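S.K.: All I have is the shape, not the residue letters:
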């Protein structure tokens, strides 16, 4: 296993590289000087009193004159390899930094998610609905176990991600007295356990749909999570029939739901960009504003597309 390059090791690598380059420059210059001097000596010998020297001795001198050139070529080759090695180490350092940034974003995501669930339990207790609070707490404990199991994972199976979303939707549906209906739509033959996705990548969009799309709407609503598999891609679709992004933005400005300012979506978009750099998955996010024939908002659709590995 290759050692992990940390930021503290970068100055040492740089110093070693600089010292090697300085030594190489000196050796190259020395080789060139020796080569020129030797060739000049051979030239003088052939043009002066040393014309009578044997062929073997003359051949040795010519080989000696060519040796510095060979040495210089070898040194240049070594110098190129050192540069390539430094570039490799630099890329490893940058990749390590990206991994740390992605891990830090996941660390921010989980506390945010947990806080919302804890707040839901608190509200049920305040409303003296002990039975619902107990049921909610039981579901919340299952959710906590899932989150803790996946907290140190860069990627999890799509099955695990969907189960997390099921628990979250169950908790929110109970807290809001089944004000909205939710469903999962996916092919029965689809093997969710063989598909890897970034951890907690779908849940923030479900959360956003509930708080900013469904909750401001009067009457019952529906939220659908759909999984579609093509030859090389997996599409995760979060579809709601809420008020839409335009009205949600207006509500934000006038202070509606001001106590709930979700950062999940922006964090998820940043995580997905980092994940694309690290894994070359070329994942994309598309947010579609749905509308009817009268150009009235009928909700929002979010499409996450992942390339299969």
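M.R.: Looks like it came in fine. The structure presented is a predicted model; accordingly, all values stated were derived computationally and were not measured.

S.K.: pretty sure residue 192 contacts residue 166?
M.R.: No. Under the criterion of CB atoms under 8 Å, residue 192 lies out of contact with residue 166, with a separation of 11.8 Å. All C-beta spots, glycine's among them, are computed from the backbone N, C-alpha and C.

S.K.: OK, contacts around residue 285?
M.R.: Counting by CB atoms under 8 Å, 6 or more residues apart in numbering, residue 285 touches 268, 269, 272, 302, 303, 304.

S.K.: could you redo the last one with a cut-off of 7 Å?
M.R.: 269, 272, 302, 304 (CB atoms under 7 Å, 6 or more residues apart in numbering).

S.K.: Widest-spaced pair of those?
M.R.: The largest distance within these, taken as CB to CB, falls between 272 and 302 and amounts to 12.0 Å.

S.K.: returning to that earlier point: give me the buried subset of the contacts of residue 285.
M.R.: If you count burial by 16 or more other CB atoms under 10 Å, the buried members of these come out as 272, 302, 304.

S.K.: residue contacts, the last one?
M.R.: Translated: residue 304. Applying CB under 7 Å, 6+ apart to residue 304 gives the contacts 201, 202, 235, 236, 283, 285.

S.K.: next one: the first one
M.R.: Taking CB under 7 Å, 6+ apart as the criterion, residue 272 is in contact with 198, 201, 283, 285.

S.K.: Among these, which one lies nearest to residue 87?
M.R.: In terms of CB to CB, no member of the contacts of residue 272 lies closer to residue 87 than residue 283, at 27.1 Å.

S.K.: Residue 276 is in contact with that closest one, correct?
M.R.: Yes. With contact defined as CB atoms under 7 Å, residue 283 reaches residue 276; the gap is 5.9 Å.

S.K.: Give me the helices and strands touching the host helix or strand of residue 225, please.
M.R.: According to DSSP states H and E, residue 225 maps onto strand 221-229. Using 3 or more CB pairs under 7 Å, 6 or more residues apart in numbering; DSSP states H and E as the contact criterion, the neighbours of strand 221-229 among helices and strands are strand 180-186, strand 233-240.

S.K.: can you give me the helices for the stretch 51-200 of the chain?
M.R.: Counting by DSSP state H, counting those that start in this stretch, the stretch 51-200 of the chain forms helices over residues 55-126, 130-150, 158-175, given from the N-terminal end onward.
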